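Colleague: Provided below for reference: sequence and predicted model.
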Amino acid sequence: MDKELWDHILQFDFDDPPSEYGFTTRLANENYWTKAFTELAILEYRKFMYLAATSEMMVSPSEIVDTVWHQHLIFTQSYSSFCTLIGKQIQHIPSTHNREEFAKFRQAKERTQELYTSVFGEQPKGIWEYQGMFESLNLDKAKFKIRTFLVFGTLGFIALIAPCYFLLSPIYVEIHNPYFVIGFIALCLLAFAGLEFYNRNQLRNILTGFDKDSFVYHLKPYELVYLKTQKLNHIINGTVNEMIDNNTIYINPDRTIGLINPDNASFKEQLQTVAVLGELGRPSYPALLRQLLNKPIFWNTAKCMDAFKKYLNKSKKFGNLFYMNFGILTIVLMLGITRLTTGIMRERPVLQILMVTLILTVLIISYLNRLTKMLCTQTIPNLYKTDILPKWPVKDDWQWQYFLMGSAVLTAAFIPVISYKEKNDQFGNDSGSSGSSCGSSCGSSCSSCGGCGGGD
C-alpha cells in the first residue's frame with residue numbers, strides 16, 4: 001500500500017466548503033441512509049478510488065459505492081480537487097449492457113475484489129454485495145400493502161355481518177346481560193394481552209433475521225431517540241442541551257437563546273444551530289425550534305428512520321403479522337357487533353354493548369396503528385438497552401445517556417424552556433418539513449456503472 005497516498009485520501013474533506021446541504025448531508029438525504037452507513041459508504045468510496053488510482057487496469061465499484069461516486073461527480077470542484085490529490089483523473093464509464101462489455105465488466109469486478117482483499121482485507125458485505133442499505137434486512141416484499149389489505153378486510157368484515165348474525169343470534173338469545181358483557185370484556189382483554197405477548201416475540205424474531213452487520217445494529221443515539229419517540233423536536237432538544245452544557249449557548253432570563261462561544265460547536269447539528277442563532281439573534285426557543293425543524297441535517301434523521309419503518313411495514317414478515325392481528329381483533333369485534341345487532345332486532349336495551357363495541361373499535365384502530373411502529377418504538381430501542389449498549393463504553397457519552405434516560409438528563413435550566421414551548425406553542429408536524437432536494441444530474445442506478453477506466 002502507498003501509505004502516503006492513502007493518508008491523503010483519508011484526510012480529504014468531502015464537505016469542504018461547509019454548507020447547509022453539503023456532500024455528506026445530501027448523500028444521506030437522497031438515499032435515506034443513516035449516518036453510520038453514510039460514513040461507511042464514503043470510506044469504501046475512498047478505498048475504491050485508491051484502487052482506481054493505483055491500478056493500471058479497470059476496477060469496478062459496488063452499487064452503493066457507485067452511488068457515492070455519482071454524488072461526488074455532481075460536486076465538480078470537489079471531485080476535481082480529489083482527482084488532483086490522487087494524481088489521476090478517474091473516468092466514470094457507464095455500462096451500456098452490451099454483451100461484448102459484459103465479460104470486461106465482470107473481470108473488472110473480480111479484479112477489484114482481489115485488489116481490495118490484498119490491500120484492505122475482506123469487503124464489507126453491506127456495501128459491496130447489496131444494492132441498497134435496506135437489503136441487509138433480508139425482508140421480502142409483501143404482495144399487498146397494508147392499506148390495500150385494510151380496505152378489502154373492512155369490506156369483507158361488513159359483508160360478514162349478516163351471515164354472522166343469522167349464525168350466532170340463536171345462541172345469543174340464550175345468553176343474558178350482564179353475563180355476556182362481562183364475558184365479552186374478558187375476551188377482549190385476553191385477546192389484546194395474548195397478541196401483545198405474541199407480537200413482541202415475533203418482532204424480535206424479525207429483528208434477528210437482519211444481517212449482523214446491518215445498519216440497524218449501528219445506529220447513532222439521536223436516530224434511536226427519534227425511533228423511540230417518533231418526534232424530531234426531541235433530537236433538537238438534545239442538541240441544544242449539549243450546547244448549553246459546553247457553553248456554546250446560554251438561556252437568557254427572558255427564556256431567549258443567546259450565543260456565548262460559537263467555536264465550541266463540534267457536531268454538524270451544533271454548527272447548524274449556531275448558524276441559525278447567528279441569523280435570528282436572540283430568538284425564543286419555539287422560534288429557534290421552528291427554524292431547525294426545517295434544516296436538512298435534522299430532518300434527514302426523521303426521513304431515514306421513517307423510510308426504514310415503511311420498508312418494514314411493506315415486508316412479507318410484518319404483513320403476515322399485521323394480517324393475523326387484524327383477523328383476530330375483527331373476529332372479536334364481530335362477536336360484539338352481532339350481539340348488538342341481535343339486541344336491536346329484538347328491541348332489547350343495547351346501551352352497554354354499544355359502548356363496549358365503540359370502545360373496542362377505537363382500541364383496535366389504535367392498537368393496529370401502534371403495531372406498525374412497535375419495532376421502531378420498542379423492539380429496537382430495547383435491543384440496544386439490553387444487548388448492545390452494555391458491551392459499549394457509553395457511560396460518559398451524553399447522547400447515549402439521553403437515549404437511555406430521556407429528559408431526566410436535560411439541564412435543569414433548559415427544562416422550563418421546553419415545557420413552555422410544549423404548553424404554548426403548536427408546531428403541527430413534529431418531523432418538520434422534509435424539504436425538496438436537488439436531484440442528481442446523473443440520475444442513473446448503480447447498476448448502470450461498469451467501472452472506472454483508469455485515468456489521464
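Modeller: Sure thing, it's come through. Numbering: from 1, shown residues only.
Colleague: make it CA atoms for all contacts and neighbour counts henceforth
Modeller: OK.
Colleague: contact partners for A28?
Modeller: A28 makes contact with T34, K35, T38, N300, according to C-alpha atoms under 8 Å, 6 or more residues apart in numbering.
Colleague: could you list which of these belong to helices?
Modeller: K35, T38, N300 (DSSP state H).
Colleague: just the CA trace of stretch 298-314, in CSV.
Modeller: Taking C-alpha atoms only, stretch 298-314 is exported to CSV below (Å, rounded to 0.1, in the frame of the first residue of the first chain):
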residue,chain,number,x,y,z
PHE,A,298,-32.1,17.4,11.4
TRP,A,299,-35.0,16.2,9.2
ASN,A,300,-32.7,13.8,7.4
THR,A,301,-32.8,11.7,10.5
ALA,A,302,-36.6,11.6,10.5
LYS,A,303,-36.6,10.9,6.8
CYS,A,304,-34.3,8.0,7.1
MET,A,305,-36.0,6.4,10.1
ASP,A,306,-39.4,6.8,8.5
ALA,A,307,-38.2,5.2,5.3
PHE,A,308,-37.0,2.2,7.4
LYS,A,309,-40.4,2.0,9.1
LYS,A,310,-42.2,2.0,5.7
TYR,A,311,-39.8,-0.6,4.3
LEU,A,312,-40.5,-2.9,7.3
ASN,A,313,-44.3,-2.4,7.0
LYS,A,314,-44.2,-3.4,3.3
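Colleague: what sits against the residue nearest in space to the middle of the chain?
Modeller: Central residue of the chain (C-alpha atoms, centre = their mean): M305, 1.3 Å from the mean position. For M305, the contact set (C-alpha under 8 Å, 6+ apart) comprises T34, E223, Y226, L227.
Colleague: identify each buried residue in stretch 135-151, please.
Modeller: Under the neighbour-count criterion of 16 or more other C-alpha atoms under 10 Å, stretch 135-151 has E135, S136, L137, L139, K141, A142, I146, F149 buried.
Colleague: wait, what's in contact with the fifth one?
Modeller: By C-alpha under 8 Å, 6+ apart, the residues touching K141 are K314, S315, K316.
Colleague: find the nearest non-adjacent residue to it, please.
Modeller: S315 (4.3 Å; C-alpha to C-alpha, 6 or more residues apart in numbering).
Colleague: the one you found contacts F144, correct?
Modeller: No: using C-alpha atoms under 8 Å, S315 is not in contact with F144; the gap is 9.3 Å.
Colleague: helix, strand, or coil at Q131?
Modeller: Secondary structure, DSSP: H, G, I helix; E, B strand; the rest coil: Q131 is coil.
Colleague: once you drop chain neighbours, what's closest to it?
Modeller: Nearest non-adjacent residue to Q131, counting by C-alpha to C-alpha, 6+ apart: E63, 5.1 Å away.
Colleague: what's the burial count for the one you found?
Modeller: Using other C-alpha atoms under 10 Å, E63 has 21 neighbouring residues.
Colleague: on that earlier part again, if you rank the ones in helices among the contacts of A28 by neighbours, which is first?
Modeller: Neighbour counts for those, by other C-alpha under 10 Å, peak at N300, which reaches 28 neighbours.
Colleague: contacts only, for the residue lying closest to that residue once chain neighbours are set aside.
Modeller: Excluding the flanking residues, the one nearest N300 by C-alpha to C-alpha, 6+ apart is N29, at 5.5 Å. Going by C-alpha under 8 Å, 6+ apart, N29 touches P296, N300, K303, C304.
Colleague: the third one touches W33, doesn't it?
Modeller: No: K303 lies out of contact with W33 (C-alpha under 8 Å); the separation is 9.0 Å.
Colleague: coming back round to it: out of the contacts of K141, the closest to P416 would be?
Modeller: K314 (40.6 Å; C-alpha to C-alpha).
Colleague: got the contact list for the closest one?
Modeller: K141, A142, F144, K145, I146.
Colleague: which of these has the weakest pLDDT?
Modeller: Ranked by pLDDT, the contacts of K314 bottom out at F144, which scores 87.
Colleague: now stretch 112-122: buried residues?
Modeller: By neighbour count on 16+ other C-alpha under 10 Å, the buried set for stretch 112-122 is T112, Q113, L115, Y116.
Colleague: now, these that are in helices?
Modeller: Going by DSSP H, the helices hold T112, Q113, L115, Y116 from these.
Colleague: and those as JSON lines, adding pLDDT and distance to T54?
Modeller: Conversion of these to JSON lines gives the following (pLDDT from 0 to 100; distance: C-alpha to C-alpha, whole Å):
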{"residue": "T112", "pLDDT": "89", "distance to T54": "12"}
{"residue": "Q113", "pLDDT": "91", "distance to T54": "14"}
{"residue": "L115", "pLDDT": "91", "distance to T54": "10"}
{"residue": "Y116", "pLDDT": "92", "distance to T54": "11"}
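Colleague: W33 against A302, yeah?
Modeller: No: using C-alpha under 8 Å, W33 is not in contact with A302, being 10.8 Å away.
Colleague: what is the nearest of the buried residues of stretch 112-122 to K47?
Modeller: For these, the residue nearest K47 by C-alpha to C-alpha is Y116; the value is 7.9 Å.
Colleague: for the closest one, give me its contacts.
Modeller: Applying C-alpha under 8 Å, 6+ apart, we find Y116 in contact with K47, F48, L51, E122, Q123.
Colleague: all strands for the stretch 301-450 of the chain, in order.
Modeller: In the stretch 301-450 of the chain, the strands defined using DSSP state E, counting those that start in this stretch lie at 449-455.
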